[in-house]
Structure formats: structure tokens, C-alpha cells
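Participant: Predicted model follows, preceded by the sequence.
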Amino acid sequence: MKEKKFQFGQSMVRIDGSRVRQLREKKGLTQLYVATAVGVTTDTISRWENRHYQSVKLENARGLAAALEVELAAILEASEPQEAEEVEGAESVAASVSVPSPAGSWFKGRGALPAILLLAAMLALVVLLMRNKEQDLAPDIGLTATRKIPAHAMPGYPMPVVITVESTASPVSVLIKEILPSRVRVVSSSATLQPAGKEELKWIVKHLSGRQRFGYMVRPTNGEDLHFHGTVASGAGRGQEVVIGGGQSVAMAPFHWADTNRDNIISDDEILVVYDDFEDVDGLDVDVELVEEMWIGSGYRWDENKEAFAVIPWP
């Protein structure tokens, strides 16, 4: 595979737009699904498929191949002309040039504000009607998604997050995207992608059938409450997304996340919840042994010197 170095050191490759479209349509994937997986807009995917862009970033090409479930070489052109850099540069220059339009002159001569307000209202009405029509025609994609998180967490101590996705339809490919709070650090994860510089995790799942769990652990970095948000998109869902339900917020408190009633004791019910909800989930690195030791002991406390929870033995 040949790579071209553009300005700022970015590696660029040429993709075969027709081949990309054929693969996407063959697998029944929507442009929205592919765009979400790559981290671009649907307009960008459309331009790639229609060969409006001569070259794309290597990182985007890899994400595109992953979304289409093929090797990178399967979507690259057989040859890469050197003129690609010039075309890309020309497009950037053309996009940055502002050309006055006849419409602008018309508004200037007749008072722009009333005309702009009327045009904006008309566009908003058209968009609303189109969205309502799409929702009426869109099929039920047969997906549900819920998030399981503790009610509270200790600042500086890892806490688990489990996303459960269930499909009631035939096996489908899905994209799970989880938006992380800005004040956490990922400790462990089963995510397919964790884009550099972005506070999000992505899972691309081929042929999801039935119920499946996906986990990750984060460490809160300060005492502010955390808020989570995520969606699940289906390749056969005609652009529909399902918002991940369940837990959305985690409060910061000086207690272990498994201690649901905050009494510095791990009860029978609390350790059973740990077993049921947070054990044997890919991506989780839960210290179950520590929770068991706290359950066996008379309680636990926070050791500031070691920055860890310590078991209080029976007298």
C-alpha cells in the first residue's frame, strides 16, 4: 500500500469509491452507520463513494474498512496518481474562497432580515416534515440497549460500566458509541476503537444475535458527578439509532462503588449484585477478590496513604 505524506505529516491513501459503495450496499449498511463508525458525516461518505475526494486520511480509510468488515486493501485503488495531492490542495483553496452570490445582492437591495427569516422558517418546516415522514416509514430495528453503572464512585478509584445490547431480529451488525465524561480516564475496555483525542469508545459488532454485554472501566479524576451518553446504530436500521438507556449519572462519594447503601459494609445482597452485573464481562477489570474480602470482614475504610480501600477485620 502506497502512502502519501500531506502537510502536517498526515498519511493519505486513495480509495475506490465505487468499491466502497458496492461493499456497503452488499452488506445492507446505511451511510449513517458507516459515517458513525468512521467518525465523519454522511455527506463525507457520499463524497467518497462518488469519488469527489481523490485521497483520504489513512486513519479514516482504516476506519472505513473496519466498518465494511473488510481488509484495508479491499477498498484501495490499484494505483495512486501523484496528482492527488494537487487536487486535494485545489479543493481546499476553492472551499476557502468566498464568492458573492446573486442571492446576496438581492437581499442587500431589499432588506435582508425579513427574507432571511422567511427562508429559515421554510427550511425548518421542510426538515420537520421530512423527519416525520422518515420516522413513519422507518422499521423497528429490534434493538434495546441499557447501561449498568454504580450509583456512586470514589474519586481516583476505578468504577465499572456495562452496556447490554439485545437484538430481537435476525443477526445484524451494530455500532455502539459511548460518549465519556470529560473528567475520567479509561482503565480497561473491550472497545473496538478508541479514537485518539476523542472522549468516546466504539464497538463494531458483526452479526449480533440475542443478548451481549460490553464493558469498560474508568477512573474519575475529581469530585464532580459523571454523566454518560451513548447510542447503538444498526446496519439494517435505515439510519436509526437507539439511545442507551439505564444508568446515566454517577455521584462522587467516599465509598466503594459496590456499597450501595454507603454504610462501609458489603452486605450479602451487595456482593450478589457484583457477581450478577459486573463479573465475567469482557473489558472489565473488577477486583472481585477485594469485594469478597470486604464482605467477609466487618467492613472497609479508605486508606489515604495507599489510596486504596482496606478491609476492617473482625475484632
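Facilitator: That came through fine. Residues are numbered from 1 along each chain as shown.

Participant: Surely Pro313 touches Ile296?
Facilitator: No: counting by CB atoms under 8 Å, Ile296 is not a contact partner of Pro313; they are 9.1 Å apart. C-beta here means a position set from N, CA and C on the backbone, and glycine is covered the same way.

Participant: and Ala124, how many residues sit next to it?
Facilitator: 10 (other CB atoms under 10 Å).

Participant: Is it located within a helix, as I assumed?
Facilitator: Yes: under DSSP: H, G, I helix; E, B strand; the rest coil, Ala124 sits within a helix.

Participant: All the helices of the stretch 101-250 of the chain, residue numbers only.
Facilitator: For the stretch 101-250 of the chain, the helices defined by DSSP state H, counting those that start in this stretch cover 102-110, 112-137.

Participant: rank those helices by mean pLDDT and give me the bottom one.
Facilitator: Mean pLDDT is lowest for helix 102-110 among the helices of the stretch 101-250 of the chain, at a mean of 46.

Participant: Tell me the secondary structure at Arg51.
Facilitator: Taking three-state DSSP, the label given to Arg51 is coil.

Participant: Got the phi and psi for the closest residue to it other than its chain neighbours?
Facilitator: Nearest residue to Arg51, sequence neighbours excluded (CB to CB, 6 or more residues apart in numbering): Gly17, at 4.1 Å. Taking degrees, to the nearest 10, you get phi -60, psi -40 for the backbone angles of Gly17.

Participant: what's the answer for Thr30, then?
Facilitator: Torsion angles, degrees, to the nearest 10, at Thr30: phi -90, psi 160.

Participant: mind checking how far it is from Thr192?
Facilitator: For Thr30, the distance to Thr192 (CB to CB, to the nearest Å) stands at 18 Å.

Participant: The two: who's more crowded?
Facilitator: Set side by side, Thr30 and Thr192 show more neighbours around Thr30, with 20 against 15, by other CB under 10 Å.

Participant: pLDDT score for the more buried one?
Facilitator: Predicted confidence (pLDDT) for Thr30: 83.
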